[in-house]
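Participant: Here is a sequence together with a model predicted from it:
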2 protein chains.
Amino acid sequence: MKIAIAQLNYLIGDFDGNVNKIIKYAEEAQSAGADIVIFGELATCGYPPRDFLEFDDFIKQAEASIERLKKASQNIAIVVGSPSVNPVIEGKDLFNSAYFIADGEIKHIQNKALLPTYDVFDEYRYFEPASDFKCLEYKGKKIALTICEDIWNIGNENPLYTISPLDILIKESPDFIINVSASPFSYSHAEERIEVLKANVDRYNIPLFYSNNVGAQTELIFDGGSVAMSPNGTIHREMPYFKEALEIFDLEEVIEGEKHSEQPKDDILEIHDAIICGIKDYFSKLGFTKAILGLSGGIDSAVTAVLAQRALGKENVRVLLMPSQFSSDHSVNDAKQLAENLGIQYDIIKIESIYKSFLGQLDTHFEGLPFNVTEENIQARVRGTLLMAFSNKFGNILLNTSNKSEMAVGYGTLYGDLAGGISVLGDVYKTEVFALANYINKDKEVIPTNTITKPPSAELRPNQKDSDSLPDYDILDKILFEYIENRKGPNEIIEMGYDQALVKRILRLVNINEFKRYQTAPVLRVSSKAFGMGRRLPIVGKYLS
Amino acid sequence: MKIAIAQLNYLIGDFDGNVNKIIKYAEEAQSAGADIVIFGELATCGYPPRDFLEFDDFIKQAEASIERLKKASQNIAIVVGSPSVNPVIEGKDLFNSAYFIADGEIKHIQNKALLPTYDVFDEYRYFEPASDFKCLEYKGKKIALTICEDIWNIGNENPLYTISPLDILIKESPDFIINVSASPFSYSHAEERIEVLKANVDRYNIPLFYSNNVGAQTELIFDGGSVAMSPNGTIHREMPYFKEALEIFDLEEVIEGEKHSEQPKDDILEIHDAIICGIKDYFSKLGFTKAILGLSGGIDSAVTAVLAQRALGKENVRVLLMPSQFSSDHSVNDAKQLAENLGIQYDIIKIESIYKSFLGQLDTHFEGLPFNVTEENIQARVRGTLLMAFSNKFGNILLNTSNKSEMAVGYGTLYGDLAGGISVLGDVYKTEVFALANYINKDKEVIPTNTITKPPSAELRPNQKDSDSLPDYDILDKILFEYIENRKGPNEIIEMGYDQALVKRILRLVNINEFKRYQTAPVLRVSSKAFGMGRRLPIVGKYLS
């Protein structure tokens, strides 16, 4: 038996486009001799469809998609995820289902039992968990069909669910497991995924065919990396990351367990490629081609510009250099040099006259009050307004350049440098931004060395440095990581050896700045805990604040 | 037996403050002769604590709170909601629990079974559903203890859950039901709540004591309205809305079912009071007192200013009038008149010179291109920047004045009039804003009549009217309501008799403007479906767009 895995990039709600793509790949798999072709989770409607699932009209289109796929299944079995209606009146109205379609009919539907409802996942918001589990038979083979999280309750010290569907399915002695997934990227996810697949194969001793979606859906980036795993735990094949692909496997060969093929794994490389995928899909799926951003001469906007140029092409990235009287000459020169290195259009607009026209209207109201963060913010907002004017006039989407460290502690101006349609580095700590810059420069100087080596500064008042108001990023990022990614409390972090006052100050800054993060753009998620939909905290509260 | 209900306003994460308040009210109830006093759901930590629940440190503080309450329970039984740790390794780590504490010890813990995970609720994100149900005995009475949603699966045509805990508890023949709730307000919620309570009492024929939280938590407003209901379905007492209160009931009197006392119900009155509660708590819980907003002379900012003045006091509301060359004289006069009527400070800042300084820097870049939405947005962003400058300089929180109709179709400028810390009218359709204005003016002219009667305009270009680009609000709001609140699809709405092209245009506008709503302030929720945490849609997609 030959089994194909198709890891594809779907567009949420574009049923026609998604089904056309599924049929095209099914035909290709069939031509290459496959008996079964496996697509991803909720492939008909795209994942995550979120509250679109609450519209009957949306569900009817998903049902119509399955009808189309029945017709396409005359000569190949199609395994595909799609929502289905719960026939029982009690409970949620929908299931998250995997369909096995062959010979023009639905041979089997398996509903998902384990519904991830944590971090970026909201599946119990929409779906009733399955309580029935049955294998299906096709061409003399018995198949255990599972959906994503259904195989993730194996091999954990603290399992999230009280059952594991395969513990039930395995009693029917299936020949192999199929898993249809939509499992979003983080830089540690590929390793975790392989560990989980191994834990399943170790426990059940049968081959596993895992198909993951690929491509970005607003903030979530799906990396593909689909896997055919042998019963002995060998990775028969790990498919590429961030690319659509179709590959065909011989079941007997997978069972033998003698082949091994894995993708290279490196955090910074993966983050680099993930963000490029994220930018590319954000633009293409919205029907936009052109980006704009402000280049300050600093490292965040420099790395953002490089990633945007690599995602969209140099002809589609435009930058503004907007020096003030507080900007150093080298900032403008570094920014110019970068734009020239990237071959992207740049314009210089001095903001001093606009800034002064604001001060002129405000001086009677602010009389006698000293220069403070108010005036710093006005500069940032003048720049934001100029960038948005270009965005509006020419149809360029503004890229936000703030990094995760700044967003964490609120070091940025709402409606100023925190503006933008998508946050490129909002899930990348400052120390990781440096690592990205060095990775970008590994073969030649793309980002001017001075941009990387000079002390970070917002340049909103004379001789300002980030280190005036923030601790060293090396320490800051470590404390933030313990609090944000590891969800450690103040005492636990202090016990690790960090200064008590510093820890309390940083945790307080994170909490009181929730209001700023609430109003910033969606953040391309590359870590296990990104700001945005995966981290939900009250603005109003009194905890560590 | 005497049973007290205490409906209180908790602050999320403020364990000390919340427990102090609980103890104070417990003492008061005890002095008044109560045997039992019932507080709300997750009262120790405040509801909704959201991802703070993922911090061990937070849970330890909740456990310490229960220890404190044990000491306070020597002479009165305290019923209180608090998170508790799931001792079983499989499943989520926490339960959403109701504690029955008396004689210095925990007499009983009942965990919540039905975990709302829809709209603004995320409870399965954190909690394992209960599978054990037991009544408790106290002073010779058998009590069925339930938590909020546990009683909401009764009396529905399409029940969300497959079980109802009281169907199990009732087998023990309890004397009465206690329900500890945190059930947020919407203008139809009080009626729904009473229907649900009635459906329970009809089914089980025993009295029900329902305690709800009160006060606002960022966007969610809890209205109180706690109820003692007689077994015959009579509302023995419905406690006030939006106010902390302690009331004591005689069990025998409630059983008799001869008393009836209910709060007046009127949608616009409730919305008015809810928003005032929302503003008041947003400020006081954040430790702020002063608001600022822009007064345009239009109805949205006028209604916002009135509600702010009523919530915060006239000395704490400041407004800016920021006319441009496109502003009509009457706009400035209407705004001035309103500020004078309200007794609030106003300043006039003309924006033309700042606007022109922007155009001056942009003219070489925009040469030959016509005036369009770009220049309109610059005006709105100049105003936003001026308001934020006052906010930064004087510590006033900026109030967003956009209404739900505008936010739905994206009729507003990101970082301009869409700026602000909290959205006051973002869940109030334009037609409801008019109703609010008329309600405000019912006794005397607070809002100048001209503000209410003139055709709505953004005044960003000569002779602009909302009706140039939007359908009449009467029609627009009805179509939006069908789509947003009722989740009807385009065909269902067209079949109701609305113009096909108009329906498609409006639904498309709603969907393509998700990116703007993503970046706006939290919206005070007054309807059953508000923008924000209760409505989660992808920015990138292709559905009705």
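Facilitator: All right, it came through fine.
Participant: Would you map the strands across the stretch 51-200 of chain A?
Facilitator: With DSSP state E, counting those that start in this stretch as the criterion, the stretch 51-200 of chain A has strands at A:77-85, A:94-102, A:105-111, A:136-138, A:141-147, A:176-181.
Participant: in the stretch 1-150 of chain A, which segments are predicted with low confidence?
Facilitator: Within the stretch 1-150 of chain A, no stretch has pLDDT under 70.
Participant: residues from it in reach of chain B?
Facilitator: A:11-14, A:17, A:46, A:48-52, A:54-58, A:88-93, A:117-118, A:122, A:124-125 (C-beta under 8 Å from any C-beta of the partner chain). From N, CA and C alone the C-beta is placed, and that goes for glycine too.
Participant: Now with 7 Å, please.
Facilitator: A:11-14, A:46, A:50-52, A:54-58, A:89-92, A:117-118, A:122, A:124-125 (C-beta under 7 Å from any C-beta of the partner chain).
Participant: Pick the most deeply packed of the strands of the stretch 51-200 of chain A.
Facilitator: Ranked by mean neighbour count under mean count of other C-beta atoms under 10 Å in any protein chain shown, the strands of the stretch 51-200 of chain A are led by strand A:176-181, which reaches a mean of 27.
Participant: the inter-axis angle of it versus strand A:141-147?
Facilitator: Put simply, strand A:176-181 runs at 20 degrees to strand A:141-147, going by axes from the mean of the first three to the mean of the last three C-alpha atoms, to 10 degrees.
Participant: Strand A:176-181: how far from the chain's middle?
Facilitator: Averaging C-alpha positions (C-alpha atoms, centre = their mean, to the nearest Å) puts strand A:176-181 22 Å from its chain's average.
Participant: And for stretch A:42-53?
Facilitator: Centre-to-centre, stretch A:42-53 and its host chain are 16 Å apart (C-alpha atoms, centre = their mean).
Participant: Okay, and which of the residues of the stretch 1-150 of chain A next to chain B map to helices?
Facilitator: A:56-58 (DSSP state H).
Participant: what about A:Asn200, neighbour count?
Facilitator: Neighbours of A:Asn200 under the rule other C-beta atoms under 10 Å in any protein chain shown: 27.
Participant: contacting residues around it?
Facilitator: A:151, A:154, A:166, A:177, A:208 (C-beta atoms under 7 Å, 6 or more residues apart in numbering or on different chains).
Participant: Apply 8 Å and report the result again.
Facilitator: Residues near A:Asn200 by C-beta atoms under 8 Å, 6 or more residues apart in numbering or on different chains: A:151, A:154-155, A:166, A:177, A:208.
Participant: out of these, who's nearest A:Arg68?
Facilitator: Of all the contacts of A:Asn200, A:Ile177 has the smallest distance to A:Arg68: 26.9 Å, by C-beta to C-beta.
Participant: thinking the closest one is in contact with A:Phe209, fair?
Facilitator: Yes: using C-beta atoms under 8 Å, A:Ile177 makes contact with A:Phe209 at a distance of 7.0 Å.
Participant: Tell me which of the strands of the stretch 51-200 of chain A lies nearest to B:Gln500.
Facilitator: strand A:77-85 (26.7 Å).
Participant: In its sheet, which strands sit next to the closest one, and in what direction?
Facilitator: Counting by DSSP bridges, the strands paired with strand A:77-85 are strand A:36-38 (parallel), strand A:94-102 (antiparallel).
Participant: Break chain A down into its structural domains.
Facilitator: Split into domains by automatic domain parsing, chain A comes to A:2-257, A:270-467.
Participant: looking at the ones you listed, which is closest to B:Met1?
Facilitator: domain A:2-257 (35.2 Å).
Participant: tell me how far the ends of the closest one are from each other?
Facilitator: For domain A:2-257, the first-to-last residue distance is 15 Å (C-alpha to C-alpha, to the nearest Å).
Participant: Centre of the chain to it, how far?
Facilitator: Mean-position distance between domain A:2-257 and its chain equals 19 Å (C-alpha atoms, centre = their mean).
Participant: need the helix or strand of chain A with the lowest average pLDDT.
Facilitator: helix A:466-469 (a mean of 85; mean pLDDT, DSSP states H and E).
Participant: any idea of the mean pLDDT in the biggest helix by length in chain A?
Facilitator: Counting by DSSP H, the longest helix found in chain A is helix A:373-394. The average pLDDT within helix A:373-394 is 98.
Participant: In it, which residues are buried?
Facilitator: A:374-393 (16 or more other C-beta atoms under 10 Å in any protein chain shown).
Participant: buried ones in the helix or strand that A:Tyr355 is a member of?
Facilitator: For A:Tyr355, the host element (DSSP states H and E) is helix A:352-362. Of all the residues in helix A:352-362, those buried under the rule 16+ other C-beta under 10 Å are A:352, A:354-355, A:357-358, A:361-362.
Participant: What degree of burial does A:Tyr411 show, as a neighbour count?
Facilitator: A:Tyr411 has 22 neighbours, counted by other C-beta under 10 Å.
Participant: for A:Glu195, that is, sorry about that
Facilitator: Residues lying near A:Glu195 (other C-beta under 10 Å) number 12.
Participant: Who are the contact partners of A:Thr117?
Facilitator: A:Thr117 touches A:123-125, B:117, B:122, B:124-125, counting by C-beta under 8 Å, 6+ apart.
Participant: I misspoke; the intended subject was A:Asn441.
Facilitator: A:Asn441 neighbours (C-beta under 8 Å, 6+ apart): A:447, A:449, A:452.
Participant: Cool, thanks, signing off.
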